[in-house]
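Attaching a predicted model along with its sequence, questions to come.
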Amino acid sequence: MERAGVYDGLYHILGGMIDPLEEKGLVRERIKKLFERVNTEHSGKNGRLNTMPKAQVLQDLAQRDGASRAISQQRDMRVLAKSGAEASDIASLEIILALSPTKLGEFTSNYITRVLEPLKVKITRLARGLSTGIELEYADEMTLRNALDNRR
């Protein structure tokens, strides 16, 4: 994304995806840091986020954690944060999930969405679909479904 020059906001690198079969891991810790970062950086600006003490945040995240662990071998997993016109308004903050469209990517995206839910920020994902130049007959079912669902 940086090489393409298509995004000029902030990054929060996860360094991998969550494996739902393992309990703890680096990616879960980085997701907790993302929660703390969003909560801290925007809490004093409009009062909406400064309602959950850090201890409660960590306890809540631990309860949401369930039994899973991070796989941190893939470098391209990113969470992007971009403020709208008024950075002081948490409602204008958008978290863009830029994860690979795999089962682990889906699990990680859903996990991040659940973790950040109390912050009431806008969470989006990169669009998925057919690549330029691909022959339609070689596209898999998930790619075709995403292309059809996200058509414009």
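Received it, and whenever you're ready, just let me know what you need. Only a predicted model underlies this, so the values are computations on that prediction, with no experimental measurement involved. Numbering: from 1, shown residues only.

Give me the neighbour count for Gly129.
Other residues lying near Gly129 total 16 when counted by other Cβ atoms under 10 Å. (Glycine included, C-beta is placed from N, CA and C.)

Now it: closest residue in space that isn't a chain neighbour?
Nearest non-adjacent residue to Gly129, counting by Cβ to Cβ, 6 or more residues apart in numbering: Ala147, 3.4 Å away.

Locate that neighbour within the secondary structure: which element?
When secondary structure is defined using DSSP states H and E, the element that contains Ala147 is helix 141-149.

Check Gly105 too.
For Gly105, the secondary-structure element it belongs to, assigned by DSSP H and E, is helix 103-116.

Just the mean pLDDT for that helix, thanks.
Model confidence over helix 103-116, given as mean pLDDT, is 90.

in the following helix or strand past it, what's buried?
Next in sequence after helix 103-116, counting helices and strands by DSSP H and E, comes strand 122-125. By neighbour count with 16 or more other Cβ atoms under 10 Å, strand 122-125 contains the buried residues 123, 125.

Brilliant, that's me finished.
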